[in-house]
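In: structure for the following, please:
(one chain, ligands or ions: 1)
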Amino acid sequence: MDVDGAEGRAVGEPAGGAFVEVDGLEKVFAVRRRTGFLKRERREVRAVDGISFTVGRGEMVGYIGPNGAGKSTTIKMLTGILVPSGGRLRVAGIDPARERTRLARRIGVVFGQRTTLWWDLPLIDSYRLMHRMYRIPDARYRENLDRLVELLGLGDLLDVPVRQLSLGQRMRGDIAAALLHDPEVLYLDEPTIGLDVVSKARVREFLREVNAERGTTVLLTTHDLQDIEQLCHRVMVIDHGRLMYDGALAGLHEAGESERTLVVDLERELPPVRVPGTRVVRVEGPRQWLAFPSSASAAPLVARVASEYPLVDLSVREPDIETVIAKMYAERSDDRGGGAGVNTGGAVR
Ligand SMILES: Nc1ncnc2c1ncn2[C@@H]1O[C@H](COP(=O)(O)OP(=O)(O)OP(=O)(O)O)[C@@H](O)[C@H]1O
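Out: Purely as a prediction, here's the structure:
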């Protein structure tokens, strides 16, 4: 399979550099709201409010944010479905809104909530139609189809009408459809939504392989943070149309100013433990939970508790990513309420 795509590098595409370039991108929707009998109010929604990032060839990047943050709007602009209101956007050196058809041959899109397959046709017929639509050379089509069918376990499903497929089967069918024409970049919008644990694992494993084997650039939007944890080193967090974090997944913890927890089991029930640099967040019988900043070392705290209290056992718990991100969203909302600037903490440009 062809890592660099059938058409090679586009004119203007930076060599080996950024494959997706987004600079000050904006999308403003005008919405009309009925405010009374015959009265309408015109309001602007800044769905994407000046975001900038670049994605290199072969990168696999998570794009996350709460509902209504602007993720789908960004993806729609990247695919050329929506025209930006401002800013600059290039994918493989192509302006998506101006050359949507040319770009379509180089990108693959999977919307977990919708299918790109023909509902009443057997799966294989959708693939045959795509073979023609994308003008995929016969040999490459057959080679790709065989490989995708094998990797995604679609062999027994090819003659089944799409409407009869389970959600997990349909999703695998959609992922194959998005990759048949050797796209260089794959946009995935909730690719594991509604799937059981086994199907999720299968889809994730496959995406890892495609990224590693073909060097496909992947931009992954999801509410399932396990998708991100298992697939992406880099994550971008968007909220209210603005990028609030762009960096390593590991760095999110610092950006969210997260806390670790020291769980101590004492010999008996005692009043809350008092150790500087910690605060007791929960007490249950002789067990107490002490929160302390993730950046601080646990060793001196443990030593102090052990010397001053009748300690039986202890453990240190790392913050989970859900908690960290929920905290970031909450802090960001507070910032907006108070009119303060964006607290990014990450490598946002
Ligand atoms: N066609 C449209 N007309 C008006 N407003 C829109 C339109 N599309 C999106 N919006 C608004 O833009 C904002 C961003 O929406 P978007 O769908 O990009 O969010 P999202 O991050 O993908 O959310 P979700 O996780 O719920 O899918 C929301 O306030 C939404 O209501």
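In: quick one: the strands in the stretch 51-200 of the chain?
Out: 60-64, 86-91, 107-111, 185-189 (DSSP state E, counting those that start in this stretch).
In: indicate which one of those strands is closest to the ligand.
Out: Among these, strand 185-189 comes nearest to the ligand, with 7.8 Å by CB to the nearest ligand atom. C-beta: built from backbone N, CA, C; applies to glycine.
In: on that earlier part again, any chance of the strands of the stretch 51-200 of the chain in CSV, plus mean pLDDT?
Out: Output for the strands of the stretch 51-200 of the chain, formatted as CSV (pLDDT from 0 to 100):
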stretch, mean pLDDT
strand 60-64, 93
strand 86-91, 95
strand 107-111, 90
strand 185-189, 92
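In: check contacts around residue 191.
Out: Neighbour list for residue 191: 110, 112, 171, 175, 203, 207, 220, 222, 227 [criterion: CB atoms under 8 Å, 6 or more residues apart in numbering].
In: show me what from the chain comes close to the ligand.
Out: Residues of the chain lying close to the ligand by CB under 6 Å from any ligand atom are 29, 31, 45, 47, 65, 67, 68, 69, 70, 71, 72, 73.
In: got the strands of the stretch 51-200 of the chain as TSV, with mean neighbour count columns?
Out: Shown next, in TSV, are the strands of the stretch 51-200 of the chain (neighbours: other CB atoms under 10 Å):
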stretch	mean neighbour count
strand 60-64	24
strand 86-91	18
strand 107-111	23
strand 185-189	24
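In: CSV for these, including distance to residue 290?
Out: Below are the strands of the stretch 51-200 of the chain laid out as CSV (distance: least, CB to CB, whole Å):
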stretch, distance to residue 290
strand 60-64, 30
strand 86-91, 46
strand 107-111, 44
strand 185-189, 40
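In: picking that back up, just the buried ones from the residues of the chain next to the ligand?
Out: For the residues of the chain next to the ligand, a burial check counting by 16 or more other CB atoms under 10 Å picks out 47, 65, 69, 70, 71, 72, 73.
In: hang on, the fourth one packs against residue 45?
Out: So that's residue 70. No. Taking contacts as CB atoms under 8 Å, residue 70 lies outside contact range of residue 45: 9.6 Å.
In: if anything else comes up later, I'll come back, but that's it for now.
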